[in-house]
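Enquirer: A structural model of the following input is requested.
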Amino acid sequence: MKSIRQGDVFLKEIKEIPKGLDKKNNVLALGEQTGHSHRFNTNQVLCYGKLEGQQYINVKQKSELIHEDHANLQVPKGKYEVIIQREFDIVEGIRQVLD
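Expert: Okay, the predicted model is just below:
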């Protein structure tokens, strides 16, 4: 199984995408500090998710994951779970890393 990391976004290869998810746009994470985003600019990647923050992608052919502050990455064909890195803050508790 493959795994890929770009900043606070981690892609973990999976065998199947869970059923019952909604299609979403190709932005995996939006930087709250900079406005930059981790995204695909192709229709060869289908993104799915739920309101609870679960995200999955189906990469139909090798595609580039883009971000202004990180090196662009080639993501091989496959199905992936998208995991956004979390951190512990003594005041707020566990929270999403701000990019």
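Enquirer: Correct me if wrong: H36 contacts D69.
Expert: Yes - taking contacts as Cβ atoms under 8 Å, H36 lies within contact range of D69: 5.8 Å. Where C-beta positions appear, they are placed from N, C-alpha and C, glycine not excepted.
Enquirer: So for the two, which sits in the more crowded spot?
Expert: Just comparing H36 and D69: by other Cβ atoms under 10 Å the higher neighbour count belongs to H36, 17 against 12.
Enquirer: quick one: pLDDT of the more buried one?
Expert: You'll see H36 listed with a pLDDT of 81.
Enquirer: And it, how far from Y48?
Expert: Separation of H36 from Y48 (Cβ to Cβ, to the nearest Å) stands at 23 Å.
Enquirer: One more: Q85?
Expert: As defined by Cβ to Cβ, Q85 lies at a distance of 20 Å from Y48.
Enquirer: More neighbours: which of these two?
Expert: Set Q85 next to Y48 and count neighbours by other Cβ under 10 Å: Y48 wins out with 19 against 13.
Enquirer: Report the beta-bridge partner residues of that one.
Expert: Here Y48 sits in beta bridges with K23, Y56, going by DSSP bridges.
Enquirer: start at 37 instead
Expert: Sounds good: first residue 37 from here, last item Y84.
Enquirer: For it, give me the pLDDT.
Expert: Y84 is assigned 96 on the pLDDT scale.
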